[in-house]
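> here is my input; please provide its structure:
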Amino acid sequence: MEQILIYFYENKEALFIIALTIFLGIEVISNVPSVLHTPLMSGANAISGVIIIGGIILLGHTDLSTISLNMILGIFAVIFGTLNVVGGFVVTDRMLEMFKKKKKK
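As a prediction, this is how the structure comes out:
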């Protein structure tokens, strides 16, 4: 427990920046109008695709016999990047469904 507190104390600036960017990101995304949502989502999907490729490359260069920081970061990058891409496609599909004409019965 003491090592965790020492880690937080030594990296308090970086942790503050991460917390600040999370709140800033939530505030910025929540104020995006729906007209701009689909183009922004496609840009986010492109960035997440690059993150997935980077995670795969990182995993390719790690020693798989031991668990290392590179392996953990690579696995998280691939998992979270994939979730972001799939979620982006689902949200974009739902947004495009809203603009389709309704079929008459």
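> switch to C-alpha atoms for all contacts and neighbour counts from now on
Will do.
> please enumerate the helices of the protein.
Taking DSSP state H as the criterion, the chain contains helices spanning 2-10, 12-30, 34-60, 69-98.
> rank those helices by pLDDT, which is bottom?
Across the helices of the chain, helix 34-60 has the smallest mean pLDDT, namely a mean of 79.
> circling back: next, format the helices of the chain as TSV and append mean neighbour count.
TSV is the format used below for those (neighbours: other CA atoms under 10 Å):
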stretch	mean neighbour count
helix 2-10	10
helix 12-30	11
helix 34-60	16
helix 69-98	16
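> just put those in JSON lines and tack on distance to Lys104.
Shown next, in JSON lines, are the helices of the chain (distance: least, CA to CA, whole Å):
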{"stretch": "helix 2-10", "distance to Lys104": "60"}
{"stretch": "helix 12-30", "distance to Lys104": "34"}
{"stretch": "helix 34-60", "distance to Lys104": "26"}
{"stretch": "helix 69-98", "distance to Lys104": "16"}
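> what residues does Gln3 make contact with?
With contacts taken as CA atoms under 8 Å, 6 or more residues apart in numbering, Gln3 has no neighbouring residues.
> can you check Tyr7 too?
Taking CA under 8 Å, 6+ apart as the test, Tyr7 contacts no residue whatsoever.
> all numbers from here: first residue = 17
OK, 17 is where the count begins now, so the last one is Tyr23.
> do you know how far it is from Thr108?
Distance, Tyr23 to Thr108, using CA to CA, to the nearest Å: 40 Å.
> repeat that for Val102.
Using CA to CA, we find Val102 at a distance of 10 Å from Thr108.
> ok, Leu89 next?
28 Å.
> and if you look at Phe115?
Distance of Phe115 to Thr108, computed by CA to CA: 11 Å.
> same question, Ser84
In terms of CA to CA, Ser84 sits 36 Å off from Thr108.
> got it, and Glu26?
Using CA to CA, one gets 41 Å for the distance from Glu26 to Thr108.
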